[in-house]
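>>> Give me a model of this one.
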Amino acid sequence: MKTLEQLLAEHPFFSGLAPDHLKLFAGCAVTLRVDSGEFLFREGELARSFFVVRHGSIAITSVTPQEGLVTIQTLDEGDILGWSWLLPPYRWHFGARALEPAALISLDATCVRTKCEHDHEFGYEIMRRFAQVMASRLEATHLQLMNVYESRT
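Residues are numbered from 1 along each chain as shown. The predicted structure is shown next:
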């Protein structure tokens with residue numbers, strides 16, 4: 001059986017991360033399984049964690065007045081889920097629902113933020129990596145909006 005540190009080290013998001021920084025992450029982590037259809041979080045809820053997708057598919061969702069629940073992006077093995085924990089007021093900007101049974105690693109947001117405050121090099125590395133995640137989500141949202149408006153013309 002692999003340790004959390006080993007599982008994190010195998011994930012693309014953590015590739016090239018210093019071993020001491022991997023240990024910091026592992027100290028905030030637990031494994032998690034979710035069933036198909038289960039919400040990990042809903043838009044507007046307090047963002048207490050973020051997730052490493054190990055297996056399965058997760059839909060990032062938003063609720064719109066006309067369409068109801070809309071999938072913005074689908075995440076699979078190798079993806080990171082959640083960035084709202086980084087910035088006050090620490091509320092989810094989107095929701096997330098399992099499309100199939102999924103195995104994840106959940107990282108406690110308060111734990112990681114505290115470690116970032118104590119180790120600024122670690123904090124910088126986290127922000128650098130999550131900036132890429134946020135840019136990817138923004139791009140996916142943009143494309144989704146383009147598809148919605150294109151289908152109305």
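>>> Burial check on residue 89, number of neighbours?
Using other C-beta atoms under 10 Å, residue 89 has 7 other residues around it. The way it works is simple: take the backbone N, C-alpha and C, and place the C-beta from them, glycine included.
>>> no no, residue 121
Residues lying near residue 121 (other C-beta under 10 Å) number 11.
>>> give me every residue that touches it.
By C-beta atoms under 8 Å, 6 or more residues apart in numbering, residue 121 lies in contact with residue 21.
>>> just checking, it is part of a strand?
No - judged by DSSP: H, G, I helix; E, B strand; the rest coil, residue 121 forms no part of a strand; its state is helix.
>>> Tell me the spacing between it and residue 73.
Going from residue 121 to residue 73 by C-beta to C-beta, to the nearest Å gives 30 Å.
>>> Give me the buried positions along the worst-scoring helix or strand of the chain on mean pLDDT.
Sorting the helices and strands of the chain by mean pLDDT, DSSP states H and E puts helix 120-151 at the bottom, at a mean of 80. Buried residues in helix 120-151, counted by 16 or more other C-beta atoms under 10 Å: 122, 125, 126, 130, 133, 137, 140, 141, 144.
>>> Repeat that for stretch 104-120.
104, 105, 106, 107, 108, 109, 112, 113, 115, 116.
>>> same deal with stretch 5-14?
Going by neighbour count (16+ other C-beta under 10 Å), the buried part of stretch 5-14 is 5, 7, 8, 9, 11, 13, 14.
>>> so which two of those are the farthest from each other?
5 and 13 (14.1 Å; C-beta to C-beta).
>>> Put together JSON lines for the buried residues of stretch 104-120, with secondary structure on each row.
Shown next, in JSON lines, are the buried residues of stretch 104-120 (three-state DSSP):
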{"residue": "104", "secondary structure": "strand"}
{"residue": "105", "secondary structure": "strand"}
{"residue": "106", "secondary structure": "strand"}
{"residue": "107", "secondary structure": "strand"}
{"residue": "108", "secondary structure": "strand"}
{"residue": "109", "secondary structure": "helix"}
{"residue": "112", "secondary structure": "helix"}
{"residue": "113", "secondary structure": "helix"}
{"residue": "115", "secondary structure": "helix"}
{"residue": "116", "secondary structure": "helix"}
